[in-house]
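K.L.:
Here is a sequence with its predicted model. Questions after.
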Amino acid sequence: SVDQAEIALEQAKLSLARLLAPPLPEEVEQAKLAVERSKNSLWATQGERDGIKGNPRSQEYQAGAADARVAVAENDVRSAALNLEIMLKGPKPENIALALNAVTAAEANLAAAKANLEYEEASKELSLASKELSLATMEKEVTFRGQLLAMANKRLEETKLVAQFSGSIVSVDAKVGDSVKPFAPIGILADPSLLQIETNVP
């Protein structure tokens, strides 16, 4: 959009410069020559018409056609003279005003396109910064949660009761929620492999 606006501005400036530039000497000379050529053509056509009308043997339609050719030649003279006059006078004020307005509008469009581009770039940078901040926050959260998990695992290890020998729980006297005094027994752990069966046989 910025590139297109810059191209449009350059085109508007070129149009204004062409409008304000004075005509080249060769262009003025060409316009003057066009006036002279049209005058010469008019005089030749008038002479031809006068010759036709002065001839008693010429038909009426020939005289009408000659009049028409003279009228066309007169129009050519007026058109060439008008073109020369317009070229020497220069552009009209309203045309200059329109060209200036086109340049101003193109400049405004370019400024708007640049502002829009800057806004989009700033938005991208802000979004990237926000994502980076969010990522850093999440990394800290992961670290914190990892520390909490390590502490919880450590406390869990500390809450385990490990007997000095292997065996099976025979009985448990304490229930969940009971207050247990230090060194107070809460159950019986026995090794079944050490048990012996005694029986009396009559």
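P.N.:
Arrived safely.
K.L.:
Going by C-alpha atoms from here, please, whenever you check contacts or count neighbours.
P.N.:
Fine.
K.L.:
I'd like the distance from whatever helix or strand Asn116 lives in to the chain centre, please.
P.N.:
Using DSSP states H and E, the element containing Asn116 is helix 93-158. The chain centroid and the centroid of helix 93-158 are separated by 16 Å under C-alpha atoms, centre = their mean, to the nearest Å.
K.L.:
swap in stretch 191-200?
P.N.:
That offset, for stretch 191-200, works out to 91 Å (C-alpha atoms, centre = their mean).
K.L.:
which residues of the protein score low on pLDDT?
P.N.:
52-64, 88, 90 (pLDDT under 70).
K.L.:
Mind listing residues that contact the strand or helix carrying Leu189?
P.N.:
Per DSSP H and E: Leu189 is located in strand 187-190. Taking contacts as C-alpha atoms under 8 Å, 6 or more residues apart in numbering, the residues outside strand 187-190 that touch it are Gly167, Ser168, Ile169, Val170, Ser171, Val172, Asp173, Ala174.
K.L.:
would CSV of those residues with secondary structure, distance to Arg69 and neighbour count be doable?
P.N.:
As requested, the contacts of strand 187-190 are exported to CSV (DSSP: H, G, I helix; E, B strand; the rest coil; distance: C-alpha to C-alpha, whole Å; neighbours: other C-alpha atoms under 10 Å):
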residue, secondary structure, distance to Arg69, neighbour count
Gly167, coil, 136, 14
Ser168, strand, 135, 11
Ile169, strand, 135, 11
Val170, strand, 138, 11
Ser171, strand, 137, 11
Val172, strand, 135, 11
Asp173, coil, 137, 9
Ala174, coil, 134, 12
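K.L.:
Return the residues in contact with the residue most central in space within the chain.
P.N.:
Using C-alpha atoms, centre = their mean, the residue of the chain that lies closest to the mean C-alpha position is Ser1, 5.7 Å off. Taking C-alpha under 8 Å, 6+ apart as the contact definition, Ser1 lies against Ala113.
K.L.:
mind redoing it with 10 Å?
P.N.:
If a contact means C-alpha atoms under 10 Å, 6 or more residues apart in numbering, then Ser1 has Ile7, Asn109, Leu110, Ala112, Ala113, Lys114, Asn116, Leu117 as its contacts.
K.L.:
Now do Ala136: how many residues are near it, please.
P.N.:
For Ala136, the count of nearby residues is 12 (other C-alpha atoms under 10 Å).
K.L.:
Now do it against Asn95, distance only.
P.N.:
Between Ala136 and Asn95 the distance, using C-alpha to C-alpha, to the nearest Å, works out to 61 Å.
K.L.:
I'd assumed Pro185 was in a helix, is it?
P.N.:
No: membership of Pro185 in a helix is not supported by DSSP: H, G, I helix; E, B strand; the rest coil, which gives coil.
K.L.:
Only C-alpha atoms, please: export stretch 38-48 in PDB.
P.N.:
What follows is the C-alpha trace of stretch 38-48 in PDB, where atoms were taken according to Å, rounded to 0.1, in the frame of the first residue of the first chain:
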ATOM      1  CA  SER A  38      -4.900  26.500 -42.100                       C
ATOM      2  CA  LYS A  39      -5.000  30.100 -43.400                       C
ATOM      3  CA  ASN A  40      -3.300  29.100 -46.600                       C
ATOM      4  CA  SER A  41      -5.800  26.300 -47.000                       C
ATOM      5  CA  LEU A  42      -8.600  28.700 -46.400                       C
ATOM      6  CA  TRP A  43      -7.300  31.200 -49.000                       C
ATOM      7  CA  ALA A  44      -6.900  28.400 -51.600                       C
ATOM      8  CA  THR A  45     -10.400  27.200 -50.900                       C
ATOM      9  CA  GLN A  46     -11.800  30.700 -51.200                       C
ATOM     10  CA  GLY A  47     -10.000  31.200 -54.500                       C
ATOM     11  CA  GLU A  48     -11.400  28.000 -55.800                       C
END
